[in-house]
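Chemist: build me a model from this:
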Amino acid sequence: MAIHPTAIVDPKSEISSQADVGPYCIIGPGVTIGAGTRLLAHIYLDGKLTIGEGNTFYPYCSCGVAPQDKKYKGEASEARIGNHNSIREFVTIHRGTEGGGMVTSIGDNNLLMAYVHVAHDVVIHNNTILANNVTFAGHVIVEDNVNIGGLSAIHQFVRIGRNAIVGSYSVIKQDVLPYSTTASDHEVKVYGANRIGLERSGFSSDAIEPLQNSFRLLTRSGLNTTQALSKIEDEIPQTSEVKQLLEFVRSSRHGFVK
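Modeler: Residues are numbered from 1 along each chain as shown. This next block holds a predicted model:
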């Protein structure tokens, strides 16, 4: 394997022979690194941290360190990072806690831009784009194909539904509906379906229009949530996307952005 002579690598770590460890990296004893993963320079990896294949870590990111949670008492929690992720400069990813399942996890094919903070027990699925300075409090769930604009802050226990886009400078305190465009203009609102993102992902108008009509009923009709859900079931074609939207709303524990 290619390990720069200035790197400090604990002999109890497990590093693939096909990984690449650049200058001034520090790798602790509980770290596992898969084939094709590159640590460019000045990267700190600690704790029980499992990293898959084909990832690229840019300078000054810090992953697998203890969480910023005063309830954390040193329990053997962990962080997991999947395959083919791009972890940019100064990203921080913290381990889980006993109160959140003990694991912070990031899936595959994600782009975490500079200064993104992933707190304890956050779960990020696949194919997301998290722009500069996006900050997650603990216990957040981010589903597949989400795009979050820069300088946004996500409150603890919030879910971001699949294929949603969140505008820059947004403060998200409740769940973000899947397939939605959600952004802040003095207050956070839903602006309908994430039409451009869905079209780019190959969704047809037959999938997008029922979602758009569902969002109108949920967020602009003046109906309460129970009434809106009933009307969606009665009047909107029950595509797989609409069914997912309904299930997301019904399973929301802390309410959702309207």
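Chemist: domain map for this structure?
Modeler: 2-142, 199-250 (automatic domain parsing).
Chemist: let's have those in JSON lines, adding mean neighbour count.
Modeler: In this view, the C-beta of every residue, glycine as well, is placed from N, C-alpha and C. Converted to JSON lines, the domains of the chain look like this (neighbours: other CB atoms under 10 Å):
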{"stretch": "domain 2-142", "mean neighbour count": "19"}
{"stretch": "domain 199-250", "mean neighbour count": "16"}
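Chemist: same list, those domains, but as TSV with distance to residue 149 please.
Modeler: Formatted as TSV, the domains of the chain follow (distance: least, CB to CB, whole Å):
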stretch	distance to residue 149
domain 2-142	5
domain 199-250	16
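Chemist: in the protein, what residue spans correspond to helices?
Modeler: Under the criterion DSSP state H, the chain contains helices at 195-200, 205-219, 225-235, 240-250.
Chemist: related to what we said a few turns ago, tabulate the domains of the chain (a markdown table), appending mean pLDDT and distance to residue 192.
Modeler: Putting the domains of the chain into a markdown table (pLDDT from 0 to 100; distance: least, CB to CB, whole Å) gives the following:
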| stretch | mean pLDDT | distance to residue 192 |
| --- | --- | --- |
| domain 2-142 | 97 | 20 |
| domain 199-250 | 97 | 5 |
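Chemist: how close does residue 242 sit to residue 104?
Modeler: 32 Å (CB to CB, to the nearest Å).
Chemist: next: residue 120.
Modeler: On the measure of CB to CB, residue 120 and residue 104 end up 6 Å apart.
Chemist: identify the contacts common to these two.
Modeler: Contact criterion CB atoms under 8 Å, 6 or more residues apart in numbering; residues shared by residue 120 and residue 104: 67, 77, 94-96.
Chemist: tell me which of the residues you listed is nearest to residue 11?
Modeler: For the shared contacts of residue 120 and residue 104, the residue nearest residue 11 by CB to CB is residue 95; the value is 21.5 Å.
Chemist: nearest residue to the closest one in space, please, no chain neighbours.
Modeler: Among residues not flanking residue 95 along the chain, residue 77 sits closest, at 4.4 Å (CB to CB, 6 or more residues apart in numbering).
Chemist: again with residue 126
Modeler: residue 107 is the one closest to residue 126 (CB to CB, 6+ apart), at 4.1 Å.
Chemist: likewise residue 172?
Modeler: residue 154 is the one closest to residue 172 (CB to CB, 6+ apart), at 4.8 Å.
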